[in-house]
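Asker: the sequence and its predicted three-dimensional model are supplied below.
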Amino acid sequence: MAQAVNVNFKLDPDVKKSMERACADMGLSMSAAFTIFAKKVGRERRIPFEVSADPFYSSENMAELKKRIDDIEAGRNIHEHDLIEVD
């Protein structure tokens, strides 16, 4: 087997902690999990799971949100909404 090399990258601390727990539950180290992922990507030449964008962050929605924020900040188009009662 070829000599292993180090790969460094940054993760959000909460993401890292969550992954560490999941890996431990499966009896894997994070290194082993990333190695499995890397081998599968290299073998299949694709990300081995679906990757999709949250529609909330679409350019159309971001433009609409920016317009509404601009209207609110300018004092325009402010609508009152009925409050929802929570027990």
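Answerer: Ah, there it is. Numbers count the residues shown, from 1 in each chain.
Asker: so what does the lowest-mean-pLDDT helix or strand in the chain touch, helix or strand wise?
Answerer: Lowest by mean pLDDT, DSSP states H and E among the helices and strands of the chain is helix 59-73, with a mean of 89. Judged by 3 or more C-beta pairs under 8 Å, 6 or more residues apart in numbering; DSSP states H and E, helix 59-73 is in contact with no other helix or strand. All C-beta spots, glycine's among them, are computed from the backbone N, C-alpha and C.
Asker: so what touches that helix?
Answerer: Residues outside helix 59-73 that contact it (C-beta atoms under 8 Å, 6 or more residues apart in numbering): P55, N77, I78.
Asker: from the residues you listed, pick the one nearest E85.
Answerer: Closest approach between the contacts of helix 59-73 and E85, by C-beta to C-beta: I78, at 22.4 Å.
Asker: any idea how far K67 is from the closest one?
Answerer: Per C-beta to C-beta, to the nearest Å, I78 is found 13 Å from K67.
Asker: next one: D54
Answerer: Taking C-beta to C-beta as the measure, D54 falls 20 Å from K67.
Asker: re the thing from before, pull the distance from the least confident helix or strand of the chain to the chain's centre.
Answerer: With C-alpha atoms, centre = their mean, to the nearest Å as the basis, helix 59-73 stands 23 Å off its chain's centre.
Asker: cool, thanks, signing off.
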